[in-house]
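> let me see the structure of the following:
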Amino acid sequence: MTEEINHSYDGGLYAEMIQNRAFHSDWEGEPPWDLVRRGNSVAEKHLDTSTGPSEALHYSMKLTVSAASQGNEAGLTNPGFWGYGLHPDTTYSGSLYARVADVDGQTGPITVRMVNNATGTVEAQAQVEIRSGGWARYEYKLTTGKISPSTANHLEFTVSHPGTVWLQLVSLMQPTFNDRPNGNRVDLMNRMAAMHPKFLRLPGGNYLEGMTVQDRFDWKKTIGPIEDRQGHQGPWFYWSTDGLGLLEFLEWCEDLKVEPVLAVYAGYSLGGSHVATGKDLEPYVQSALDEVEYVSGDASTRWGAERARNGHPAPFTLHYVEIGNEDYLDKSGSYTERYKQFAQAMHKRYPQLKLIATDGNSEYETKVSPDISDEHYYKSPADMMDLVHHYDKASRNGPKIFVGEWATRSGSPTPNFGDALGDAAWMTSMERNSDLIIMASYAPLLANVSPGAMEWPTDLIGFDAGTTYASPSYWAQSLFAGHLGEGSAQSSISGEGKRFFYSATVSSKERVLHLKLVNASSIDQPLLLNMAGVNGVHTATVTSLHGATFDATNSIYDPDEIRPIESTASVSGSDWKHTVPALSIEVIDVPF
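Alright, predicted model coming up:
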């Protein structure tokens, strides 16, 4: 599960490197853009609301240069999202919209330079020849040489002549996963792929709702050419470009070979406002129906045809639609009727879909009758460990459970080892109750750990402009997902310590028993295992995670303090003695 939080998309997964590429304005002006005025050059900038390249971007940055020459250039500079992550021998693809006003018939080129902050070295450079006339789109490339990887760089757009130029949608994209246009950052996609995911819950919880109805994720405004996307105010205090729009979410799923779990806006926003049922809600219901058609309709349908025009003729697989997000927070009590209006329309138009309701949680009882109830848990390590029997005796007569957001939270910006132990304990519970809990997704997934970029700890994967790292909880997640059978083995345990947890699943085709053993205690846990069906002696694979304390962790500066260690063990089916060390998570694959 992801959402636009902690600069997960803009400044994170989305491969755009320039911050505020469309010059969105707030009380500070157009941060973080600033003027470059070398030597005796004279220039000024201001936002011009009278001209732009599209209806959505009907404004632009006007740069007026009164004096400039070679060595005395003037222009604009942008620091990126806490720097620009540069790598050796790499090409970065740029574009911009521009129009110029001639001065004595001389327009001249715009020089684009990537500059090292500390040394002033130009790491890459290009020139963009601007033609006279109206708005036009221009492309450029920046290619590095044999440089050292770094993030402490900034970007400059300068001219060496007097004149006036208007700029808009000034972009620089780093290489993308699968070379997809307008795509995603390679290293973060690789991190996700290594977790063995099965679905992506999109577009994310609070990001779906917005603080107000007007600031919701309005999917129709996020499709088509990027110059037609105005962007919108996200709920986590910064502007979203909508460069990562609905189709890009779906292509993200395609690239990871996972299914979308589509959440549709259901008429409630975080600030407490909601849309009344009946005629007022009808446009939002219709928008949700259209959205499903855009995702899964063939090219003969209206919105399937729109998707095809956007570059993806084939429909996407869709089995699950979530109606809203965290609607147990709606104090008006309107969700029951809002859900019914959406569900009736969805069932009539798309009877094959499974619908997920969002008014249930451990403290709340769902008042609607969905196929699936989305339940969320954010707990401390102690509280998460105390929650592991929550579903053991839960009714099997109601809806199935989707644990759509959950995390053990004590570390910052990413989980520490105590969090990983809490997460692993909780995952043994979900595996044990997998007849009821059919899906789960940790949240949030991503955090830009640069100073000032993060709003919410604790987050699974940390990154900055140039690199990523995996938290202890990431490794726990990956181990559990990578060693998961298709069913639970019958099992029992006695005499275990107070903070020992386990699960056992079976891959029958591969004939492997997967044991997940979690010792969150400060003392070792000796075990005597009897495994019916494991005959003779076998060589088992043991993958271990260990931390010296709950506070042990990984960071952007020390990314590999905690990581999986693999070994082997000789295992017999009866009376096999094994000790799980203190503060350890083990995954053991036993062939049979």
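> please name every helix or strand in contact with the helix or strand encompassing residue 249.
For residue 249, the host element (DSSP states H and E) is helix 246-256. Applying 3 or more C-beta pairs under 8 Å, 6 or more residues apart in numbering; DSSP states H and E, one finds that helix 246-256 contacts helix 186-193, strand 199-202, strand 259-264, helix 282-296. (Glycine included, C-beta is placed from N, CA and C.)
> tilt between it and helix 282-296?
Angle between the axes of helix 246-256 and helix 282-296 is 30 degrees (criterion: axes from the mean of the first three to the mean of the last three C-alpha atoms, to 10 degrees).
> residues touching the residue positioned nearest the centre of the chain, list them.
Nearest to the geometric centre of the chain sits residue 2, at 3.8 Å (C-alpha atoms, centre = their mean). Contact partners of residue 2, counting by C-beta atoms under 8 Å, 6 or more residues apart in numbering, are 8-9, 13, 200-202, 204, 443-446.
> try residue 78
Residue 78 neighbours (C-beta under 8 Å, 6+ apart): 18-20, 32-34, 154-155, 170.
> so how far is residue 474 from residue 581?
21 Å (C-beta to C-beta, to the nearest Å).
> list only buried entries from the contacts of residue 78.
18-20, 32-33, 154-155, 170 (16 or more other C-beta atoms under 10 Å).
> just to revisit the earlier point, just send the contacts of residue 78 back as TSV, with distance to residue 235 and pLDDT too.
Listed next are those as TSV, based on distance: C-beta to C-beta, whole Å; pLDDT from 0 to 100:
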residue	distance to residue 235	pLDDT
18	23	98
19	19	98
20	18	98
32	21	98
33	24	98
34	28	98
154	29	98
155	29	98
170	26	98
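> what is the nearest of these to residue 348?
Nearest to residue 348, judged by C-beta to C-beta, of the contacts of residue 78 is residue 20 at 43.4 Å.
> quick check, pLDDT for the residue nearest to residue 409 when sequence neighbours are not counted.
Among residues not flanking residue 409 along the chain, residue 458 sits closest, at 4.4 Å (C-beta to C-beta, 6 or more residues apart in numbering). You'll see residue 458 listed with a pLDDT of 98.
> let's see which of the buried ones among the contacts of residue 78 end up in helices.
Assigned to helices by DSSP state H, none of those qualify.
> mind giving me CSV with the residues you listed and columns for distance to residue 137?
Below are these laid out as CSV (distance: C-beta to C-beta, whole Å):
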residue, distance to residue 137
18, 15
19, 20
20, 19
32, 23
33, 20
154, 24
155, 18
170, 11
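> so the residue nearest to residue 409: helix, strand or coil?
Put simply, residue 458 is coil when judged by DSSP: H, G, I helix; E, B strand; the rest coil.
> what's the local residue count around it?
Residues contacting residue 458 under the criterion other C-beta atoms under 10 Å number 22.
> let me see the contact set for it.
407-415, 419, 473.
> distance of it relative to residue 447?
In this view, residue 458 and residue 447 are 8 Å apart by C-beta to C-beta.
> with residue 170 instead?
Distance of residue 170 to residue 447, computed by C-beta to C-beta: 26 Å.
> can you check residue 225 too?
Separation of residue 225 from residue 447 (C-beta to C-beta): 30 Å.
> who has more neighbours out of these two?
Per other C-beta under 10 Å, whichever of residue 225 and residue 447 has more neighbours is residue 447, with 26 against 11.
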